[in-house]
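In: Whatever this is, show me its structure:
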Amino acid sequence: MRALFGLAALAAVLLLGACAGRTDTVAARPARQPNIIVILADDLGYGDLSTYGGWIPTPHITALAASGARFTDGYVSAAVCAPSRAALLAGRPQTRFGFEFNPVGRDAASGMSRSETILPEVMKRAGYATGMVGKWHIGSGPGFHPLDRGFDSYFGTLGGATDFWVEQGPGDLFAPIGGDELTARARMPVVRGRAVIEEKRYLTEAFTDEAVAFIDANRDRPFFLYLAHTAPHTPLQATARYVDRFPEIKDPHRRAYAAMVSALDDSVGRLVAELKARGLQQDTIIVFLSDNGCANYVRGACTNAPLAGAKGMYWEGGIRVPFILWAPGRVSPGQVISTPVSSLDLMVTAARAGGAPPPAAAEGSDLMALLKLPGRAPDRALFWRSGPNHAVREGRWKLIVVNRTDRVDGPEGVYGAPTPDGTPAVVSPLGQHVLLYDLAADPGETRNLAGRHPEVVKRLSEMFKAWDARNVPPIWTSRRQFRTEVNGNKVHLYN
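Out: As a prediction, this is how the structure comes out:
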């Protein structure tokens, strides 16, 4: 089985390399505006993809990286779904406009601030066709729908997750965890435009079908496609087609998860094949990433190894994600970049590639320009905040300040009774852990060096204070609080 996947990965790399033309030089940049495709996975672990040395064969994503650039230190600005997505689309930290915590049911009446200019609006002004397929999760009330925020078309689910099928078939695998009832299709329907529909296709395949159809319909003009998969987020559901690829995995949760990631990989392969069939590969930029790290409540189904922590945490496993950029003829293939980059960079990258000025408030960098620098750009500081918990990365140093606790919740605590609305996130009565890590020497964040380098703690703390001064209060409070332990530290998290 592994040997077969190895041959498939090699074939995919060779095929994608052929699509990109020569693999030793960058061809002259085409004159037309490039198509922009952002593929966003949901809760995908850093240590899951074979592309990153992980355990699940992903030949198409491997080929994408081999024909483009793979970032080893790619970050998102939040460790949970909705804030991360809001920041990606705005091109600036979600704490600048109050989207600090997951909405947890409150997005039906509200959502991402209308004062924020987001990616589809920028691309639409630049003359692009704009389409979204998949998970929205940043507001579904009047004025907050994707069609109200710059997208010409929308197909997907407006909430945080939904069932991948309407009816389980023979050989399909469903590995339940606590809270799956919250994502039932009846509660989280699929919509086309603004209308609820009954979608019978396996959802990852349905999203891929719709994305391919959008490419085909707009092949004669520049387009911006935001394909936000719900895979491999719970519920852990996979059809027999993908489950049968992993007969050696006996644990149902790991097998379902691997199958879901394999379906996601096939989706990437189908999109690239469509671009090739339409002769669009030289005119397209694809960015592939995840919204945050894999979750620690899926019964060990995924991994962020060698990184510590998981979804909802500011350890690397929660915020460092698979991050790939593919642009044949614009980017030299086979690059592996260790310079830290961020999902905040997608706004500036897409706008400049399309010939549009990014919003004045955008805080990201141009990834295309970074990839052309011989020595790469110098490290910059990156910041995170959720209530009193925060983190800073600058160069090799990483500072985490997080609430202490004296107990640990079980996995059901994540989906347990939500914290009452309006409960503020405050510093714990037990105080806070102050943790300093040298990521160059200790990427697993196992050794706290705060006591040995108080001057670094002070400098990073002052940097955070200056950055935090530009943030605003959250538009709603955290209803997803949980207590866990990371590398011996018991911590209280707000998401």
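In: For the stretch 51-200 of the chain, which segments count as helices?
Out: 59-66, 81-90, 119-125 (DSSP state H, counting those that start in this stretch).
In: Pick the most deeply packed of those.
Out: Mean neighbour counts were taken over the helices of the stretch 51-200 of the chain using mean count of other Cβ atoms under 10 Å, and the top value, a mean of 28, falls to helix 81-90. For every residue, glycine as well, the C-beta is placed using N, CA and C.
In: G134 is nearest to which of the helices of the stretch 51-200 of the chain?
Out: G134 lies closest, by Cβ to Cβ, to one member of the helices of the stretch 51-200 of the chain: helix 81-90, at 10.3 Å.
In: counting contacts, what elements does that closest one pack onto?
Out: strand 35-41, helix 119-125, helix 345-353 (3 or more Cβ pairs under 8 Å, 6 or more residues apart in numbering; DSSP states H and E).
In: in the chain, which helix or strand is least confident?
Out: helix 2-19 (a mean of 41; mean pLDDT, DSSP states H and E).
In: wait, isn't P34 in contact with A353?
Out: Yes - between P34 and A353 there is a contact under Cβ atoms under 8 Å: 5.4 Å.
In: Between the two, which contacts overlap?
Out: I285 (Cβ atoms under 8 Å, 6 or more residues apart in numbering).
In: Next up, the contacts around H453.
Out: Contacts of H453 by Cβ under 8 Å, 6+ apart are L436.
In: Pull up the gap between it and L460, please.
Out: According to Cβ to Cβ, to the nearest Å, H453 and L460 sit 10 Å apart.
In: Next: P359.
Out: Taking Cβ to Cβ, one finds P359 at 28 Å from L460.
In: and these two? which has more neighbours close in?
Out: With neighbours defined as other Cβ atoms under 10 Å, P359 and L460 compare such that L460 has more, 22 against 19.
In: Quick one: residues contacting the more buried one.
Out: Taking Cβ under 8 Å, 6+ apart as the test, what L460 contacts is 392, 394, 397, 399, 436.
In: let's see it at 10 Å
Out: Shown in contact with L460 (Cβ atoms under 10 Å, 6 or more residues apart in numbering): 381, 383, 391-394, 397-399, 401, 436, 453.
In: of all those residues, which comes closest to G293?
Out: Once Cβ to Cβ is applied, the member of those that ends up nearest G293 is A391, at 13.5 Å.
In: what's the span of stretch 486-495, first residue to last?
Out: 16 Å (Cα to Cα, to the nearest Å).
In: cool, and stretch 58-73?
Out: 19 Å.
In: So D409 lies in a helix, does it not?
Out: No - assigned with DSSP: H, G, I helix; E, B strand; the rest coil, D409 falls outside any helix and is coil.
In: how close does S110 get to W476?
Out: 8 Å.
In: overlap in contacts of these two?
Out: Counting by Cβ under 10 Å, 6+ apart, the residues touching both S110 and W476 are 99, 103.
In: Now the terminal residues of stretch 175-185, how far apart.
Out: 16 Å.
In: How about it, which residues are buried there?
Out: Going by neighbour count (16 or more other Cβ atoms under 10 Å), the buried part of stretch 175-185 is 175, 177-180, 182-183, 185.
In: Greatest separation within these: which pair is it?
Out: Farthest pair in these, by Cβ to Cβ: G178 and R185, 18.4 Å.
In: that older thread, save the buried residues of stretch 175-185 as a markdown table, and put in pLDDT and distance to F155 too.
Out: Output for the buried residues of stretch 175-185, formatted as a markdown table (pLDDT from 0 to 100; distance: Cβ to Cβ, whole Å):
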| residue | pLDDT | distance to F155 |
| --- | --- | --- |
| A175 | 98 | 27 |
| I177 | 92 | 27 |
| G178 | 85 | 29 |
| G179 | 85 | 25 |
| D180 | 90 | 23 |
| L182 | 87 | 22 |
| T183 | 90 | 18 |
| R185 | 96 | 15 |
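In: hmm, back to that, among the helices of the stretch 51-200 of the chain, single out whichever gets nearest to G431.
Out: For these, the distance to G431 is smallest for helix 81-90, at 25.3 Å, taking Cβ to Cβ.
In: Going by distance to R241, which of the buried residues of stretch 175-185 wins?
Out: A175 (16.5 Å).
In: Give the next helix or strand downstream of the helix or strand A391 falls within.
Out: Counting by DSSP states H and E, the element that carries A391 is strand 389-394. Using DSSP H and E, the helix or strand that directly follows strand 389-394 along the chain is strand 397-404.
In: now for that next one, which elements pack on it?
Out: Where contact means 3 or more Cβ pairs under 10 Å, 6 or more residues apart in numbering; DSSP states H and E, strand 397-404 is packed against strand 381-386, strand 389-394, strand 432-438, helix 454-468, strand 481-486, strand 489-494.
In: ok, now with 6 Å
Out: strand 389-394, strand 432-438 (3 or more Cβ pairs under 6 Å, 6 or more residues apart in numbering; DSSP states H and E).
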